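Trainee: Got a sequence here, can you model it:
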Amino acid sequence: MEISDLITVEGVEANLRVTSKKQALQELSKRAAEITGQHERAIFDVLMERERLGTTGVGNGIAIPHGKLASLDRLHGLFARLETPIDFHAIDEQPVDLVFLLLAPETAGADHLKALARVSRLLRDAGVCEKLRGTDENEALFVLLTESSASQAA
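Mentor: Below you'll find the model as predicted:
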């Protein structure tokens, strides 16, 4: 599974303006609803339910919020570079500025885990994150995400 299987240029936001974790998840839910055709509230509720289990702020300024929805037909991803880092209650207690949202069908099982692992591997690369943080155009972020993913798989 490649990052290009998960996101489109429309699913990338270079300068998302939010001031809190809740607002970030609300904005991403709104954008995910436009891309997936799902209800914004259903997406937000799934993400908040997952956050109650434990933060998806994985450290180093990165969060990977995720959830499953019965009505999805495939995996969907969105990526946002936040204009200003926010408190995401990350495991290292550092603010988050890179967010990769992942939504999966309830039946996804192993595919959901593979996608999470793929995103995690990509965002653990400090060089990739540095380039993402230095880019403020949606298309350029999309290219960085998808090309970096392909080169890591090789």
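
Trainee: alpha carbons only for contacts and neighbour counts from here, please
Mentor: Noted.

Trainee: contacting residues for the spatially most central residue of the chain?
Mentor: With distances taken as C-alpha atoms, centre = their mean, residue 100 lies nearest the centre of the chain, 1.3 Å away. Neighbour list for residue 100: 62-65, 77-80, 119 [criterion: C-alpha atoms under 8 Å, 6 or more residues apart in numbering].

Trainee: Nearest residue to it in space, please, no chain neighbours.
Mentor: Once flanking residues are discounted, residue 100 sits nearest to residue 79: 4.4 Å by C-alpha to C-alpha, 6 or more residues apart in numbering.

Trainee: That neighbour: neighbour count?
Mentor: Residue 79: 25 surrounding residues under other C-alpha atoms under 10 Å.

Trainee: ok, it to residue 85 distance?
Mentor: 14 Å (C-alpha to C-alpha, to the nearest Å).

Trainee: closest to residue 50 among the contacts of residue 100?
Mentor: Residue 50 lies nearest to residue 65 out of the contacts of residue 100, by C-alpha to C-alpha, at 7.7 Å.

Trainee: need the contacts of residue 100 in CSV with pLDDT, secondary structure and distance to residue 44, can you?
Mentor: As requested, the contacts of residue 100 are exported to CSV (pLDDT from 0 to 100; DSSP: H, G, I helix; E, B strand; the rest coil; distance: C-alpha to C-alpha, whole Å):
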residue, pLDDT, secondary structure, distance to residue 44
62, 97, strand, 19
63, 97, strand, 15
64, 97, coil, 14
65, 97, coil, 10
77, 96, strand, 14
78, 97, strand, 14
79, 97, strand, 16
80, 97, strand, 16
119, 94, helix, 20
